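Asks: Next come a sequence and a model predicted from it.
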Protein chains: 6
Amino acid sequence: MFSLTVRDHMMIAHSFNSETFGPAQKLHGATYVVDVTFKRPELDQDDLVVDIGLASDTLKTVLAEFTLTNLDEAVEFRGRNTTTEFMAKVVFDRLSHAIREGQLGEGGRHLTAMTVTLHESHIAWASYEGAL
Amino acid sequence: MFSLTVRDHMMIAHSFNSETFGPAQKLHGATYVVDVTFKRPELDQDDLVVDIGLASDTLKTVLAEFTLTNLDEAVEFRGRNTTTEFMAKVVFDRLSHAIREGQLGEGGRHLTAMTVTLHESHIAWASYEGAL
Amino acid sequence: MFSLTVRDHMMIAHSFNSETFGPAQKLHGATYVVDVTFKRPELDQDDLVVDIGLASDTLKTVLAEFTLTNLDEAVEFRGRNTTTEFMAKVVFDRLSHAIREGQLGEGGRHLTAMTVTLHESHIAWASYEGAL
Amino acid sequence: MFSLTVRDHMMIAHSFNSETFGPAQKLHGATYVVDVTFKRPELDQDDLVVDIGLASDTLKTVLAEFTLTNLDEAVEFRGRNTTTEFMAKVVFDRLSHAIREGQLGEGGRHLTAMTVTLHESHIAWASYEGAL
Amino acid sequence: MFSLTVRDHMMIAHSFNSETFGPAQKLHGATYVVDVTFKRPELDQDDLVVDIGLASDTLKTVLAEFTLTNLDEAVEFRGRNTTTEFMAKVVFDRLSHAIREGQLGEGGRHLTAMTVTLHESHIAWASYEGAL
Amino acid sequence: MFSLTVRDHMMIAHSFNSETFGPAQKLHGATYVVDVTFKRPELDQDDLVVDIGLASDTLKTVLAEFTLTNLDEAVEFRGRNTTTEFMAKVVFDRLSHAIREGQLGEGGRHLTAMTVTLHESHIAWASYEGAL
């Protein structure tokens, strides 16, 4: 299995709803350094997993929806906690949609799996991994 | 599949028994930077893989048994070589036990797999990965 | 010249006031990975720059004032922009005060300089460096 | 499953053939930081995945064939694009061959899988993973 | 003293002229991960060292001259060795010129010093540091 | 001012003598990832700070004296605590001596300053910096 990973980041504010979160129930924020790994069993005719330029641009477009915002104001996340693991899945879903829409080009259609990892600090990170 | 990873470290002395180890048969030591990845297919009702505070505290407790000690003196490891890969399994087993004991809370009971990685330097690391 | 550096982090929300900041004028957030370097020309009688336990604990106490908060609500920062470089100086000043108060022990009184670096992402960080 | 990873690097020149690559069609170069992960389900009698000295030496020997060369001149790669993902597979194949030849010792014969990751920058890397 | 650092990278081919370089006399290449640190004693009225957007864009423009090229073909470097330390000075000089031209805005005119670091691998990097 | 940095590591056992060290008074160990920065104001005729091969080899030779040993057994360190900062100075002194002996070649004689940094974990490191 081949894979290609690209890295970008987003900076967001948010708060959590549940006593489990203790002081993190208050409004605070995070930088998420985001790694996306694209997988497929065979390379394309250019010896690529996917066009790295398209992959980086698509990731930047997905993250632009969230970076420099307060996630508490996103209607879509109402009633959910925008934890690191939850946001990994959100980025995964947005990218899956973009791939199906053809934003990664023809090569994107041959991807079979993807992993999205969000690093919230030097000592904690979370991922969502799934088939495409 | 979702995952959450937390990082901590331990500093230990040890020596190895077998000609395979060459000069590492003498007493020396290592800093192990320890990453533990907890996995489960669905998030809990708080949108978490596991409570990160409990996860970090439990890891610290497990590592406290070893850090600032000479592993050669641990009766439990008599006759074994406390290599990086061996210690990854030891930390895995201690954490598995803690999870079964409920130290990661109710969320811990839904974890399905775990990976423990010990970094021994900037150019070498080892892991043990297993189901829970 | 000798130095010792310890690392910790804080997660905050904030917004900026000035057209210079463009979209960062909206409420957003950041994880700051914080490195503090303590300097002195000679080691103490224990061959230390400073007690690393006291240094780490004091840094954690200083960061606890800010982490998991919205810096926009801090009266002290009213009228200022809590940029990465500005917050580096804030942490520097808090630590300088703590050192003068003796929180780093006798060894802390022999420190001659300090650098505080806040990493806001994998591609940007800022520092404040000064004499003690 | 146990794993052991070792890191080394190679510095190469190359160019790509296809409009997909845009300006990268011109001769340029890269430093590849190379991580190789060796896997097996059980440790050997010395509590090792594989002899780390042999693993590091064998990786260095494999990379020596490429480092400080222009990959465009390698007859073997004629008609292919020596992308990061393609080179990950090349290193994988060379190491698989070396393992079959016994260069990782008896322990090498018990390895069941391997992953080769080439980091081309702080924001992009690629892997090839396969059974042995 | 305050500082702000931004990171980017460039991928180049080159060769060296002198027996000192051994096998690196042949055409090869490198990824340079480039860190630029901008320094000034006081923050501006926005609490900034320099506008990070302008700083990042200017660095990208400077690196664009070199990335995806063969440095051996640059007339300007004829008779020189484009070592990591040499290229650090080249980037420093290009950025100094851009700052004097006003490309970092008014804030850029208050910078007093700059450091350019080029990382050639995980085990080697070089810098040039000077007053502005 | 130009600089070149090379990285290597050593793995040692040791214990500390003083109540300041608490549990670290017991025998334990550390991996020190060692960065050495060589400085000079002008490059040599090959556009180098110093021959990187000689620099790396000399560092490896210096570290070989300590790696895979118990520092408590070194007569030279009797009565001292082999803290990270203390060992940074020891490596500095060994390298200074090697430079004076000509082990870094003619280029080594033009170095004007050096910094030695020992990383003991992902959250702590220490340095010694001095003129040559």
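Replies: Now that the structure is in, tell me what you want to look at.

Asks: Which residues of chain A lie near chain C?
Replies: A:7, A:9, A:11-14, A:23-24, A:26-33, A:67-70, A:120-123 (C-beta under 8 Å from any C-beta of the partner chain). For glycine as for every other residue, the C-beta is placed from the backbone atoms N, C-alpha and C.

Asks: could you redo the last one with a cut-off of 10 Å?
Replies: A:7-16, A:21-35, A:64, A:66-73, A:119-124 (C-beta under 10 Å from any C-beta of the partner chain).

Asks: Show me the residue at the heart of chain A, geometrically.
Replies: A:V91 (3.1 Å; C-alpha atoms, centre = their mean).

Asks: Under a three-state scheme, what state does it occupy?
Replies: Of the three states, A:V91 takes helix according to DSSP: H, G, I helix; E, B strand; the rest coil.

Asks: so what's it up against?
Replies: Applying C-beta atoms under 10 Å, 6 or more residues apart in numbering or on different chains, we find A:V91 in contact with A:8, A:10, A:32, A:34, A:36, A:59, A:62-63, A:65-66, A:114, A:116-118, A:128.

Asks: ok, 7 Å please
Replies: Residues near A:V91 by C-beta atoms under 7 Å, 6 or more residues apart in numbering or on different chains: A:34, A:62, A:116.

Asks: between the residues you listed, which is closest to A:G102?
Replies: A:V62 (14.8 Å; C-beta to C-beta).

Asks: so what does the helix or strand where that closest one lies touch, helix or strand wise?
Replies: Following DSSP states H and E, one finds A:V62 within helix A:52-64. On a contact count with 3 or more C-beta pairs under 7 Å, 6 or more residues apart in numbering or on different chains; DSSP states H and E, helix A:52-64 meets strand A:2-14, strand A:28-40, helix A:84-100.

Asks: just to revisit the earlier point, pLDDT score assigned to the residue nearest to the centre of chain A?
Replies: With respect to pLDDT, A:V91 scores 98.

Asks: what bridges to A:Y32?
Replies: A:M10 (DSSP bridges).

Asks: That one touches A:A13, doesn't it?
Replies: No: if you go by C-beta atoms under 7 Å, A:Y32 and A:A13 don't touch, sitting 11.9 Å apart.

Asks: residues near the closest residue to chain C within chain A, how many?
Replies: Relative to chain C, the nearest point of chain A is A:G29 (1.1 Å; C-beta to the nearest C-beta). Residues lying near A:G29 (other C-beta atoms under 10 Å in any protein chain shown) number 26.

Asks: what do you get for A:L118?
Replies: 26.

Asks: So for it, what's the nearest residue that isn't a sequence neighbour?
Replies: Of all residues not flanking A:L118 in the chain, A:Y32 sits nearest, at 4.3 Å (C-beta to C-beta, 6 or more residues apart in numbering or on different chains).

Asks: Which pLDDT value goes with the one you found?
Replies: 98.

Asks: quick one: it from chain B, how far?
Replies: In this view, A:Y32 and chain B are 14 Å apart by C-beta to the nearest C-beta, to the nearest Å.

Asks: Roughly how far does that residue sit from A:A74?
Replies: 15 Å (C-beta to C-beta, to the nearest Å).

Asks: try A:N81
Replies: In terms of C-beta to C-beta, A:N81 sits 12 Å off from A:A74.

Asks: tell me which parts of chain A are close to chain D?
Replies: A:1-7, A:43, A:46-49, A:51-52 (C-beta under 7 Å from any C-beta of the partner chain).

Asks: which one of those has the most neighbours?
Replies: Most surrounded of these: other C-beta under 10 Å gives A:V49, at 31 neighbours.

Asks: who are the neighbours in contact with the nearest residue to that residue once chain neighbours are set aside?
Replies: Among residues not flanking A:V49 along the chain, A:L4 sits closest, at 3.9 Å (C-beta to C-beta, 6+ apart). Contacts for A:L4 (C-beta under 7 Å, 6+ apart) come out as A:38, A:49-50, A:52, A:55, D:85, D:126.

Asks: So which of the residues you listed is the closest to chain F?
Replies: Checking those one by one against chain F (C-beta to the nearest C-beta), the nearest turns out to be D:A126, at 23.6 Å.

Asks: Can you pull the phi/psi pair for the closest one?
Replies: Per-residue torsions, D:A126: phi -140, psi 150 (degrees, to the nearest 10).

Asks: ok, now A:T112?
Replies: According to degrees, to the nearest 10, A:T112 has phi -110, psi -20.

Asks: how about it, what does it touch?
Replies: A:39-41, A:131-132.

Asks: what residue of chain A is the furthest out?
Replies: Chain A, C-alpha atoms, centre = their mean, max distance from centroid: A:Q45 (27.2 Å).

Asks: what about it, is that helix, strand or coil?
Replies: coil.

Asks: Run through the residues that contact it.
Replies: Shown in contact with A:Q45 (C-beta under 7 Å, 6+ apart): no residues.

Asks: For it, give its distance to D:N81.
Replies: 9 Å.

Asks: list the residues that contact both of these two?
Replies: Joint contacts of A:Q45 and D:N81 (C-beta under 7 Å, 6+ apart) do not exist.

Asks: What parts of chain A come near chain B?
Replies: A:18, A:20, A:80-81, A:83, A:85-86, A:123-129.

Asks: taking those one by one, which sit in helices?
Replies: A:85-86 (DSSP state H).

Asks: which one of the residues of chain A next to chain B is nearest chain F?
Replies: Using C-beta to the nearest C-beta, the residues of chain A next to chain B come closest to chain F at A:I123, 7.8 Å.

Asks: what's in contact with stretch A:93-100?
Replies: Taking C-beta under 7 Å, 6+ apart as the rule, stretch A:93-100 contacts A:36, A:58-59, A:62, A:104, A:108, A:111, A:114, A:116, A:132.
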